[in-house]
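J.: need a structure here:
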Amino acid sequence: MSAESEGGEGNSSQPIHGIEIEKDVRVRLRDGVQIYVDVFRPDAEGEFPALVTWSAYGKEKQSLSYPPQVYESRFHDGNVEAADYEFLVPRGYALLIPDPRGVGQSDGEYICPYSVEEATDLYDVVEWAAEQPWCNGNVGLIGYSYFGMIQPICAALHPPHLKAIAPWAVPADWYRNCYNDGVLNTFYHRLFTDIKTSGKAVSVLKRTLPREELDRLVKAAKDDPDLKQYVAVYQILDYPDKNPVLFDVMLQPHDGPFYWERSPYRVYDRIKIPAYFGVTWGPPFNEHVRGAFKNYLGVDVPKKLIIMSTRSAEPRYLEPEEQVRWFDHWLKGVDNGIMDEPPIKIWVTQRGEYRYENEWPLARTKWAKFYLRTFGRLTTEPDRWSAPPDAFAHVPPNVTLTPHSLKYTTAPLPEDTEVTGPVALYLYAAIDQDDANWHAQISDVDATGKARLVTNGWLKASHRAIDEGRSRLPWLPEHLHTEDAVEPVVPCEINEYAVELIPCCNVFFRGHRIQLEISSNDPPEMSESGPHVCSSRVTLHKIYRDRERRSHLLLPIIPQI
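T.: Have a look, this model is predicted:
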């Protein structure tokens, strides 16, 4: 490797090479199946590290060259999430973009994502790359969302030549990615339909379950009145080949082995190589944010974490210099100082700059309880007397355009107030049905009354049981979602509900107000990520916030330096 490609501006490799492209290179997997891989590598003599990126979205669109599309563009494609070969290859890397088995022209059938079988196929591609004459034997994994999710699963299999990974926007728990704390997210109707159009997909459950058991699960799903509100989703129960991945998810509303196999948190102890986790602040893609922190905290390897500004273009254009610095260090052996920096790098949106941190949550956090009060107030002092509860009615969205909610708002803040870290809401509440959804969101309300969404979270009432083993109470209440832990609500009984909101970083400026909104459905601004399946029944929600039942929001306040 020429020394002039190492270091330089930003302490990362500089673009000194042209690009050689090999399309549809055949790679034989261990069971004899042939898949097709596009290889982009420097047009120079010598050996280079290889980066492999993997998903079922179709390799062809991942390498199309066109100007970055902002999120609002009609041409924006959120599934263009592989790395940018035009950036990486000139800097001395080979980039491989395969079509997995059953996708595109590759042989075989495509089965539900993130399985051990899929990770094993990726293992084979990693080892194939390491054997090529243009490779120096060091291989990394790179990519965003799906391209990131498969990385920890593959790393846990220990491919000998896999030396580092950079899984960005990766949920830690695939159950909670499909069911946000028990609430089905229909975003995956669109996403998994995209997967189907890229490959010859088949249902795992149709393949593995006895017909009687499959029919029982289908009937249970078809009997769910909540699902019937979402016709495009519901029809998949009759036509599973339209979207076999979502079909499998819809038939499994509780956590279990299907999700465990596909969840990075289950393999933390088996990951032995350096990992750089990254994500953009949410919402709308909340599980990406939650997962980035949990994955970072969960592995015991050389690691880093970057939380970037809210996504504004295709993910392949997000901080590529940072990824090059990472792989320069681990695949090229360049001493560029990246591991000498504090391990966590977060974007403070209102300040327009990055800030380094050493731990999460931040050691200097001052945890503050903001109590729900009468007249929609949100204060750091609780009520001193008892009072009747607040209430709102959930009316199904197939009969109304007006979502009902309750709002609690602070007085104008006397000084800039930074909220950075995990957020939790503790509600004492009752519903008049045996189940319902809770949705909570925090907004930054400026002096004109304009509200900007900061973070949010969901909880299905019957899934309220706390997972004591995974929770870090009080700031991280995690829930059990297995079938034996789900318990219908006794109508009108008062229960405590601990709602985990997505970690956030927001500076509420002087004169702004912190607003908590509690509802049973998604806010309009969350429509881009797909609606969550809500109750089909009119439901009365009562929230208690009196002397005995102090419902409160727990916020991580960061003192000004």
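J.: Break down this protein into its helices, ranges please.
T.: Along the chain, counting by DSSP state H, helices occupy 59-62, 85-88, 116-130, 146-155, 174-178, 187-198, 204-208, 211-222, 231-234, 244-250, 257-260, 286-298, 320-331.
J.: Show me what the third one is packed up against.
T.: If I follow you right, that is helix 116-130. Under the contact criterion of 3 or more C-beta pairs under 8 Å, 6 or more residues apart in numbering; DSSP states H and E, helix 116-130 touches strand 19-28, strand 34-42, strand 48-52, strand 94-99, strand 135-144, helix 146-155. The way it works is simple: take the backbone N, C-alpha and C, and place the C-beta from them, glycine included.
J.: which residues touch it?
T.: The contact list for helix 116-130 (C-beta atoms under 8 Å, 6 or more residues apart in numbering) reads 27, 29-30, 33, 35, 37, 50, 52, 54, 94, 96, 98, 100-101, 111, 135, 137-139, 141, 150, 153-154, 156-157, 159-162, 261.
J.: Which positions in that helix come out as buried?
T.: By neighbour count on 16 or more other C-beta atoms under 10 Å, the buried set for helix 116-130 is E118, A119, T120, D121, L122, Y123, D124, V125, V126, W128, A129, A130.
J.: Let me know the closest of those residues to P210.
T.: Distances from the buried residues of helix 116-130 to P210 were compared by C-beta to C-beta; the smallest belongs to E118, at 24.3 Å.
J.: looking at this protein, which helix or strand is least sure?
T.: None of the helices or strands of the chain scores lower by mean pLDDT, DSSP states H and E than helix 187-198, at a mean of 72.
J.: Identify the residue spatially nearest to the residue of the chain positioned farthest from its centre, adjacent ones excluded.
T.: Of all residues in the chain, W385 sits farthest from the chain's C-alpha centroid, using C-alpha atoms, centre = their mean; the distance is 41.4 Å. Nearest residue to W385 in three dimensions, chain neighbours excluded: R547, at 5.8 Å (C-beta to C-beta, 6 or more residues apart in numbering).
J.: thinking again about what came up before, let me have the helices of the chain in CSV, extended by distance to T409.
T.: Below are those laid out as CSV (distance: least, C-beta to C-beta, whole Å):
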stretch, distance to T409
helix 59-62, 44
helix 85-88, 44
helix 116-130, 47
helix 146-155, 37
helix 174-178, 29
helix 187-198, 29
helix 204-208, 46
helix 211-222, 40
helix 231-234, 35
helix 244-250, 37
helix 257-260, 37
helix 286-298, 22
helix 320-331, 38
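J.: Could you tell me the least trusted of those helices?
T.: Mean pLDDT across the helices of the chain is lowest at helix 187-198; the value there is a mean of 72.
J.: Would you mind giving the domain segments of this structure?
T.: As assigned by automatic domain parsing, the chain contains the domains 3-181+266-357, 366-558.
J.: Would you mark the buried spots in stretch 402-420?
T.: In stretch 402-420, counting by 16+ other C-beta under 10 Å, buried: P403, S405, K407, Y408, T409, T410, T417, E418, V419, T420.
J.: Can you get me the start-to-end distance on that stretch?
T.: Terminal residues of stretch 402-420 are spaced 32 Å apart (C-alpha to C-alpha, to the nearest Å).
J.: From Y144, how far off is the most centrally placed residue in the chain?
T.: Centroid-nearest residue in the chain, with C-alpha atoms, centre = their mean: H288, separated by 1.8 Å. Distance check for H288 against Y144: by C-beta to C-beta, to the nearest Å, it reads 9 Å.
J.: intersection of neighbour lists for these two?
T.: Joint contacts of H288 and Y144 (C-beta under 8 Å, 6+ apart) are A169.
J.: V139: how many residues sit nearby?
T.: When neighbours are counted by other C-beta atoms under 10 Å, V139 registers 26.
J.: Would you mind finding the most buried of the helices of the chain?
T.: Highest mean neighbour count of those: helix 146-155, a mean of 27 (counted as mean count of other C-beta atoms under 10 Å).
J.: Can you spell out which helices and strands pack onto it?
T.: Under the contact criterion of 3+ C-beta pairs under 8 Å, 6+ apart, helix 146-155 touches helix 116-130, strand 135-144, strand 162-168, strand 275-280.
J.: From the buried residues of helix 116-130, pick the one nearest I557.
T.: Checking the buried residues of helix 116-130 against I557 with C-beta to C-beta, the nearest one is A119 at 40.9 Å.
J.: Against I346, how distant is the closest one?
T.: Distance from A119 to I346, by C-beta to C-beta: 30 Å.
J.: Also Y354?
T.: 7 Å.
J.: out of those two, which sits in the more crowded spot?
T.: Between Y354 and I346, counted using other C-beta under 10 Å, I346 has the larger neighbour count: 19 against 15.
J.: Pull the contacting residues for the more buried one.
T.: Contacts for I346 (C-beta under 8 Å, 6+ apart) come out as I306, I307, Y354, R355, E357, T420, C505.
J.: now, the most widely separated pair of those?
T.: Maximum pairwise distance among the contacts of I346 (C-beta to C-beta): 14.6 Å, between I306 and T420.
J.: if we can go back for a sec, can I get the helices and strands packed on helix 116-130 in TSV including distance to Y371?
T.: Below are those laid out as TSV (distance: least, C-beta to C-beta, whole Å):
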stretch	distance to Y371
strand 19-28	59
strand 34-42	56
strand 48-52	50
strand 94-99	52
strand 135-144	39
helix 146-155	38
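J.: hmm, back to that, Throw the domains of the chain into JSON lines and include distance to K206, thanks.
T.: Below are the domains of the chain laid out as JSON lines (distance: least, C-beta to C-beta, whole Å):
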{"stretch": "domain 3-181+266-357", "distance to K206": "10"}
{"stretch": "domain 366-558", "distance to K206": "21"}
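J.: residue ranges with poor pLDDT in the stretch 301-450 of the chain?
T.: Across the stretch 301-450 of the chain, residues meeting the criterion (pLDDT under 70) sit at 311-314.
J.: So which residues of it form strands?
T.: In the stretch 301-450 of the chain, the strands defined using DSSP state E, counting those that start in this stretch lie at 303-308, 344-348, 353-357, 366-372, 378-379, 390-394, 405-409, 417-431, 437-445.
J.: Not counting the shortest one itself, show me its contacts.
T.: Applying C-beta under 8 Å, 6+ apart, the set of residues contacting strand 378-379 from outside is F370, Y371, L372, R373, Y408, T409, T410, A411, I514, Q515, L516, L553.
J.: Could you rerun that using 6 Å?
T.: F370, Y371, R373, Y408, T409, T410, L516 (C-beta atoms under 6 Å, 6 or more residues apart in numbering).
J.: looking at it, the last one is touching L553, isn't it?
T.: Yes - counting by C-beta atoms under 6 Å, L516 sits close enough to L553 to count as a contact (5.4 Å).
J.: of all the helices of the chain, which lies closest to L362?
T.: Evaluated with C-beta to C-beta, these place helix 286-298 nearest to L362, the distance being 11.8 Å.
J.: Which of the residues in stretch 68-85 are classified as buried?
T.: Buried positions in stretch 68-85, judged by neighbour count with 16+ other C-beta under 10 Å: Q69, G78, N79, V80, E81, A82, A83, D84, Y85.
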